[in-house]
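A.B. asks: got a sequence here, can you build the structure:
(2 chains)
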Amino acid sequence: MKLLTLNFLTCAIKACKSSPASFPLHPRDVELEIVESDINLPFLKNILPRLMWAELRTIAAELGLPELPETAPTRDHLVEGKEEAKEGEEVDEVPSQTARDLHRVLLETTVKEGKLVCGNCAHEYKVMEGVPNFLLPGHLV
Amino acid sequence: MPDYLVRLVQMHESFRQAELQALADVAELSIEFVKYDNDSPFCIVRLPSDSAAEAIISRSLLSQGIYELWGQGATYDALHNSVKDISSAKWAQYGSVPFRFTLDCFRGTRDQTQQRDIIESFSYLGFNGPIRMRDADASFKVFEEYADKAPEPMYLYLGRFVAASGRDVKTTYDLKKRHYISTTSMDAELALVTANMALAAPGKLFYDPFMGTGGFPIACAHFGAVVCGSDIDGRSIRGTGGSARKGQTGKFDVRGNFKQYGLESQYLGAFVSDLTNTPFRLFQHSNAPSRGGYLDGIVCDPPYGIREGLKVLGTRDMLNDQERTTHQNRYKDAGYIPPKKPYSFTAIQDDILAFAAATLVENGRLSMWMPTANDEDIELVIPTHPCLDVVSVCVQPFNKWSRRLLTYRRKADSEIPAGALEMAKKEYEKGVRADELNNFRRKYFEGFKEFERQRQAPGGDPAKQVDGAKGITGPWREKNGSS
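C.D. replies: The predicted structure follows:
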């Protein structure tokens, strides 16, 4: 599971959803793997405004990844010194270092094994073979 | 705007127009349907330009190609007059280029001499370039449309080829060649059509809450979307336990399927979860706008309770204290399996809609398959939600039941009247057994007795009613329905 996914996931227990502490889930004892992939600039541009940046920084810090900037970059930060595009001319956009860093964290860093822990109820979700299990045991449904 | 002739395939009829409209939407182009009939593979549309026509058709699964319309008519005289009328200004452009001229007869045939005579009758176009059957610079086609078993065509068109459709990819994604499938994998063609309906495109984020072996996410990834999925059964994602393919027991998993098609970089990953207890965040908590979605599209084929059980987390009966303690003590054990219970068929549909309303971005799409018995009233059972607009309803008829592809659009917040979200609590089927909770399942296993009764009822004309409303064509029903 790629790290970006963690930006969308909270605790599955309904009572936890309303508590800010249930997001993000905290990775614990995790084994990370870097899976290289082609940079997808249109996707980064599209997803950037939807990211919960503060929570992403928290996770990156907890995983001991290089620190992310304090404020979220904007779409313009993702492209290398864009020259003024001439009228009607399509210029191939070059991803900036910011875009490459973001790509590394969100789309190349994957969680292989470990646990995701809710900050509110402390329930642990296991990650097996890169697939986290969010099924709740009988007494919590 | 010029008129174009789309050569459609004559199957999945009710999906065809909706697909073209969706492809125009995804390319942000306007499309106007001048002529469309469910019984004909020829459709005339108005589009801004050749490049627009190519952009739309190149993703289409349910068409073969698009042609610039050069003329049409009920007889060859009428066609020739129409060609002279509409397109004479364009003839000179193609006067000396290598070209190809062919004939396409729908429901009819012409032998070689007839074909040559027909093609020769267009000699006034003045094409003097070399004839090249392969890699011609310009390609022209006469289309003949026959009524069933008629000796003579009833309508004719002449078109200049502009672009071929994307129908070839259905062979690339053919389930027969896919490494890892299960009993309920959607066939590749319809999975790709579903991705088209939901406007999958580069840069977008898509999710399938009932992914199984990942057929829908793969289809969306083919069109450029980044995808993720989940399923209540983790084994289907991780791939332990072999697949539905005969003799296949080794390690095959969803990731392997993405690898097979070279789409791995677009696969975010999958998780095990139940839609009624989803881990997705449904409200935002921090700096972002007060509330808003993050998914561009949701595609799914929820379990019907026939081949794949319709189950959610929970127990059939309330747990007593002792059972609760047992669960509490044992849930961290390696072999612990959370209890599941059958769930209401209508409730899961409304749950999907509510989930879509909470997670889709504005104008994001939900495309969901839903089965129905042919004896039910079609309009009554389309689930609705105040935040979602129904975009299209497409029907795939089977013998006694049909399944439909429902496509919804997430409205912008400004379109949703205040207080609309506080819907009246709906009543769902009550009970603990699958049959009590799922009318479709009960009817299915009873062999659709009511449908049969209605059909055989003297005086009534249920057959006709079924005909129009359910999208079942007459000959098809006569062939298959009476057994």
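
A.B. asks: for the rest of this, base every contact and every neighbour count on C-alpha atoms.
C.D. replies: Fine.

A.B. asks: now do the helices in chain A.
C.D. replies: A:14-17, A:41-47, A:53-62, A:97-103 (DSSP state H).

A.B. asks: just give the nearest non-adjacent residue to whichever residue of chain A sits closest to chain B, would you?
C.D. replies: Chain B sits closest to A:F43 of chain A, with a gap of 3.6 Å, by CA to the nearest CA. Once flanking residues are discounted, A:F43 sits nearest to B:G203: 3.6 Å by CA to CA, 6 or more residues apart in numbering or on different chains.

A.B. asks: before we move on, back to that, what's the closest of the helices of chain A to B:T113?
C.D. replies: B:T113 lies closest, by CA to CA, to one member of the helices of chain A: helix A:41-47, at 53.8 Å.

A.B. asks: excluding its backbone neighbours, what's nearest residue 72?
C.D. replies: Defaulting to chain A. A:W53 (6.0 Å).

A.B. asks: wrong one, I was asking about chain B
C.D. replies: Leaving aside its chain neighbours, B:Q72 sits nearest to B:Y157 (4.3 Å; criterion: CA to CA, 6+ apart).

A.B. asks: do the same with A:A12
C.D. replies: Using CA to CA, 6+ apart, the closest residue to A:A12 is B:P279 (4.1 Å).

A.B. asks: what's the burial count for the one you found?
C.D. replies: 23 (other CA atoms under 10 Å in any protein chain shown).

A.B. asks: show me the helices in the stretch 101-250 of chain B, by range?
C.D. replies: Counting by DSSP state H, counting those that start in this stretch, the stretch 101-250 of chain B has these helices, from start to end: B:112-120, B:169-172, B:188-197, B:215-222, B:234-238.

A.B. asks: pull out the buried residues from the first one.
C.D. replies: It refers to helix B:112-120. Buried residues in helix B:112-120, counted by 16 or more other CA atoms under 10 Å in any protein chain shown: B:115, B:118-119.

A.B. asks: for that helix, packing partners?
C.D. replies: When contacts are defined as 3 or more CA pairs under 8 Å, 6 or more residues apart in numbering or on different chains; DSSP states H and E, helix B:112-120 packs onto strand B:99-106.

A.B. asks: just put the helices of chain A in a markdown table and tack on mean pLDDT, mean neighbour count and distance to B:K90.
C.D. replies: Listed next are the helices of chain A as a markdown table, based on pLDDT from 0 to 100; neighbours: other CA atoms under 10 Å in any protein chain shown; distance: least, CA to CA, whole Å:
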| stretch | mean pLDDT | mean neighbour count | distance to B:K90 |
| --- | --- | --- | --- |
| helix A:14-17 | 90 | 16 | 64 |
| helix A:41-47 | 95 | 18 | 39 |
| helix A:53-62 | 94 | 17 | 57 |
| helix A:97-103 | 94 | 18 | 48 |
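
A.B. asks: and B:V26, which of the ones you listed is closest to it?
C.D. replies: Of all the helices of chain A, it is helix A:41-47 that lies closest to B:V26, at 14.9 Å by CA to CA.

A.B. asks: rewinding a little: B:A138: which of the helices of chain A is closest?
C.D. replies: For B:A138, the closest of the helices of chain A is helix A:41-47, at 34.8 Å, according to CA to CA.

A.B. asks: output the contacting helices and strands for the closest one.
C.D. replies: Using 3+ CA pairs under 8 Å, 6+ apart as the contact test, the elements touching helix A:41-47 are helix A:97-103.

A.B. asks: what packs against the helix it packs on?
C.D. replies: Under the contact criterion of 3+ CA pairs under 8 Å, 6+ apart, helix A:97-103 touches helix A:41-47.

A.B. asks: chain center to the helix it packs on: distance?
C.D. replies: 13 Å (CA atoms, centre = their mean, to the nearest Å).

A.B. asks: burial count for the residue of the stretch 101-250 of chain B found nearest chain A?
C.D. replies: Closest approach between the stretch 101-250 of chain B and chain A, counting by CA to the nearest CA: B:G203, at 3.6 Å. B:G203: 19 surrounding residues under other CA under 10 Å.

A.B. asks: pLDDT score assigned to it?
C.D. replies: Listed pLDDT for B:G203 reads 95.

A.B. asks: ok so, going back, surely the residue nearest to A:A72 meets A:T74?
C.D. replies: No - at 11.5 Å, A:W53 does not count as touching A:T74 under the criterion of CA atoms under 8 Å.

A.B. asks: pLDDT weak spots in chain B?
C.D. replies: Across chain B, the ranges flagged by pLDDT under 70 are B:240-244, B:246-250, B:283-291, B:376-380, B:419-425, B:457-483.

A.B. asks: element containing the closest residue to B:D413 other than its chain neighbours?
C.D. replies: The spatially closest residue to B:D413, leaving aside those adjacent along the chain, is B:E362, at 7.5 Å (CA to CA, 6+ apart). Per DSSP states H and E: B:E362 is located in strand B:360-373.

A.B. asks: show me the contact partners of that strand.
C.D. replies: Contact with strand B:360-373 is made by B:194-195, B:197-199, B:292-302, B:304, B:356, B:400-413, B:440, B:443-444, B:448, B:451, as judged by CA atoms under 8 Å, 6 or more residues apart in numbering or on different chains.

A.B. asks: of those residues, which belong to helices?
C.D. replies: Short answer: those in helices (DSSP H) are B:194-195, B:197, B:356, B:440, B:443-444, B:451.

A.B. asks: most surrounded residue in those residues?
C.D. replies: In terms of neighbours by other CA under 10 Å, the ones in helices among the contacts of strand B:360-373 top out with B:A195 at 31 neighbours.

A.B. asks: show the contacting residues for the closest residue in space to that one that isn't next to it in sequence.
C.D. replies: Computed as CA to CA, 6+ apart, the closest residue to B:A195 that is not its neighbour in sequence is B:C220, at 5.1 Å. By CA under 8 Å, 6+ apart, the contact list for B:C220 reads B:192, B:195-196, B:200-201, B:206, B:226-227.

A.B. asks: and if you look at B:L205?
C.D. replies: Under the criterion of CA under 8 Å, 6+ apart, the neighbours of B:L205 are A:43, A:47, B:225-228, B:294-297.

A.B. asks: change it to 7 Å
C.D. replies: B:225-227, B:295-297 (CA atoms under 7 Å, 6 or more residues apart in numbering or on different chains).
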